[in-house]
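Q: This is the structure alone, sequence omitted:
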């Protein structure tokens, strides 16, 4: 009975160490892929500007904010335009209006 207890303890410890190692590797080394729908965002800005929902200063501020948000993403994150993603469960970066 003691051997089974020790074996179960070893399995649990091994599983915990493996899970922690995978989490650490994923959060510190893996390159993550994200997509950004630039066309949709620009179309939304154009529509809001044409409908006079935002003025020229707000439009410029939103474009500057887009640049800031994309540049502030992690160095380990590669960002593609949504138009070039063919298939896959990819994180999509959303911009708030």
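A: Done, it's in. Keep in mind the model is a prediction, meaning the values are calculated, not measured.
Q: and the helix or strand where residue 10 lies, what's its mean pLDDT?
A: Here residue 10, judged by DSSP states H and E, is contained in helix 2-28. The average pLDDT within helix 2-28 is 95.
Q: Quick check: what element follows that helix along the chain?
A: strand 32-36.
Q: and the next element down the chain from that next one?
A: Sequence-wise, the next helix or strand downstream of strand 32-36 (DSSP H and E) is helix 38-50.
Q: so what secondary structure elements neighbour that following helix?
A: Judged by 3 or more C-beta pairs under 8 Å, 6 or more residues apart in numbering; DSSP states H and E, the packing partners of helix 38-50 are helix 56-71. The way it works is simple: take the backbone N, C-alpha and C, and place the C-beta from them, glycine included.
Q: circling back to that earlier point, what separates the helix holding residue 10 from the chain centre, distance-wise?
A: 28 Å (C-alpha atoms, centre = their mean, to the nearest Å).
Q: Kindly report the same for stretch 87-96.
A: Mean-position distance between stretch 87-96 and its chain equals 7 Å (C-alpha atoms, centre = their mean).
Q: Buried residues, it. List them.
A: Within stretch 87-96, the residues that count as buried by 16 or more other C-beta atoms under 10 Å are 93, 95.
Q: average pLDDT across that stretch?
A: 79.
Q: Name the surrounding residues that touch it.
A: Contacts to stretch 87-96, defined as C-beta atoms under 8 Å, 6 or more residues apart in numbering, come from residues 32-37, 41, 62, 65-66, 69-70, 73, 79-80, 82.
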